[in-house]
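>>> would you be able to build a 3D model of this:
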Amino acid sequence: MEKQIYLHVGAPLVGADALQAALWHHGPTLAAHGVCYPLQDPHQHFAMTMDLREMAWGGHRDPAWNGVWDRVAGRARDWGGDRVVLSHELLAGATEAQARRAVESLGPGEVHIVFTARDLARQMAADWQEHVKHQHTVTFDRFADDLVLKGIEAPAPFGEMFWGLHDPVRALAAWGAAVPPERVHVITAPPGERAGAALWRRFGEVTGIAPEWCDLSGVREQEPLGLAEAELLRRVNERLGGALGGEYEPLVRRHLGHEVLADRAGRAEIVLPVRHHPWMRSRSEELVDGLRAAGYDIVGDLADLMPDFTGGVPAEPVDPADLTGAAVEVIEALLRDLARARERVQLSEINHELGKVREELARLSSVPAARRGGRRGSGRG
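Model prediction:
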């Protein structure tokens with residue numbers, strides 16, 4: 001049987017983080033069943049994508065990225081088992097030339113393209129809050145208006161990053177030119193809280209990964225922010241104005257965004273403004289028709305890609321009471337964190353001083369008695 005190579009190319013924010021974590025943590029078990037995830041560290045998938053797409057990130061291109069794609073592809077070619085799986089969501093933006101290069105470099109074998117898709121209304125809300133977590137200050141109202149009215153020509157980086165990565169018809173045009181349509185698998189994400197479990201099950205059906213090979217209980221999916229929480233973070237960005245520099249990532253994006261704000265109970269969902277609902281329904285119908293016409297293998301239901309606006313509330317304006325409640329909880333959480341940090345600093349200082357005392361005692365115990373305090377008495381009066 002010819003080796004099967006499954007390349008998951010997107011979309012962002014549709015279970016990619018959890019999928020990659022599962023593949024990395026269960027690499028040895030998967031390898032024992034003939035499945036190779038050919039990375040040497042869990043962050044190499046980003047470097048290989050930057051290399052293949054010849055991209056910079058945040059205005060910076062790391063020289064260490066050069067050649068990573070070819071090294072990873074080489075490990076895929078050398079694998080003696082029957083399957084290889086690779087994943088990174090930013091591969092969705094590859095050009096046709098980059099897609100062909102990727103497919104050719106992974107052979108010999110039968111290359112399959114996998115795309116996990118969710119309805120564009122939920123993707124638009126998710127993409128906005130992700131930009132907010134990266135220091136942007138655009139309001140959701142303006143963000144949505146620009147994407148709807150200007151499309152891919154919306155102000156950078158929003159137009160290209162949304163329509164270039166999240167629209168499966170557009171993203172798969174390049175990849176679909178590199179492999180036959182029956183080897184392009186579009187996995188739809190159903191609505192609801194169990195979307196992650198359904199995505200993994202459907203991904204396993206496509207790639208041949210049995211559920212019992214991967215225990216997903218320890219894989220935490222990233223929780224989306226609510227409307228008030230995302231708006232609070234956006235306003236914090238306005239006040240910071242880039243003042244934190246490199247400390248923004250650990251302090252604001254990871255701690256404040258992924259832990260403190262994402263853990264708040266009763267978050268109000270971010271919903272596309274009502275004025276755009278008819279347009280979004282029409283645009284989503286075009287997307288479904290485009291996928292059906294392309295002849296791709298659809299795993300799930302294309303109806304999952306139609307927006308559902310029932311039960312949601314408009315994104316603007318944010319209720320001041322909700323914003324205040326979020327701010328109070330953030331202040332409380334940060335003060336508790338500060339208190340714990342001070343305790344750790346104090347304990348560290350105490351341990352440091354104790355270490356110095358132990359060192360001095362050890363030094364003294366090794367010094368002969370004569371040198372510590374003179375000879376003992378001779379016994380004569």
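>>> OK, contacts around residue 231?
139, 140, 318, 323 (Cβ atoms under 8 Å, 6 or more residues apart in numbering). Every C-beta, even on glycine, is put in place using the N, C-alpha and C of the backbone.
>>> before we move on, what about residue 327?
Residue 327 neighbours (Cβ under 8 Å, 6+ apart): residue 232.
>>> run the chain-centre distance for the host helix or strand of it.
Assigned by DSSP states H and E, residue 327 belongs to helix 320-365. Put simply, helix 320-365 sits 30 Å off its chain's centre (Cα atoms, centre = their mean, to the nearest Å).
>>> tell me how many other residues surround the residue lying closest to residue 56 once chain neighbours are set aside.
Distance criterion Cβ to Cβ, 6 or more residues apart in numbering; nearest residue to residue 56, sequence neighbours excluded, is residue 50 at 7.8 Å. Other residues near residue 50 number 21, with proximity taken as other Cβ atoms under 10 Å.
>>> torsion angles phi and psi at the nearest residue to residue 153 once chain neighbours are set aside?
Sequence neighbours aside, residue 159 is the residue nearest to residue 153 in space, at 5.6 Å (criterion: Cβ to Cβ, 6+ apart). With angles defined as degrees, to the nearest 10, residue 159 sits at phi -60, psi -50.
>>> kindly report the same for residue 154.
phi -60, psi 160.
>>> quick check, pLDDT for it.
pLDDT, the model's per-residue confidence, is 97 for residue 154.
>>> mind listing what residue 255 touches?
Contacts of residue 255 by Cβ under 8 Å, 6+ apart are residue 337.
>>> meant to ask about residue 279
Counted by Cβ under 8 Å, 6+ apart, residue 279 has contacts residue 148.
>>> check what pLDDT it gets.
Taking residue 279 on its own, its pLDDT is 97.
>>> just the buried positions in the helix or strand where it lies, please.
Using DSSP H and E, residue 279 falls within helix 277-294. Residues of helix 277-294 classed as buried: 277, 280, 283, 284, 287, 288, 290, 291, 294 (neighbour count, 16 or more other Cβ atoms under 10 Å).
>>> what's the answer for stretch 67-74, then?
Buried, per 16+ other Cβ under 10 Å, within stretch 67-74: 68, 69, 72, 73.
>>> among those residues, which are in helices?
Taking DSSP state H, the ones among the buried residues of stretch 67-74 that sit in helices are 68, 69, 72, 73.
>>> contacting residues around the second one?
Which is residue 69. 48, 49, 51, 52, 102, 105 are the contacts of residue 69 under Cβ under 8 Å, 6+ apart.
>>> run the chain-centre distance for the helix or strand containing the third one.
Element membership for residue 51, per DSSP H and E: helix 44-53. Distance of helix 44-53 from the chain centroid (Cα atoms, centre = their mean) equals 14 Å.
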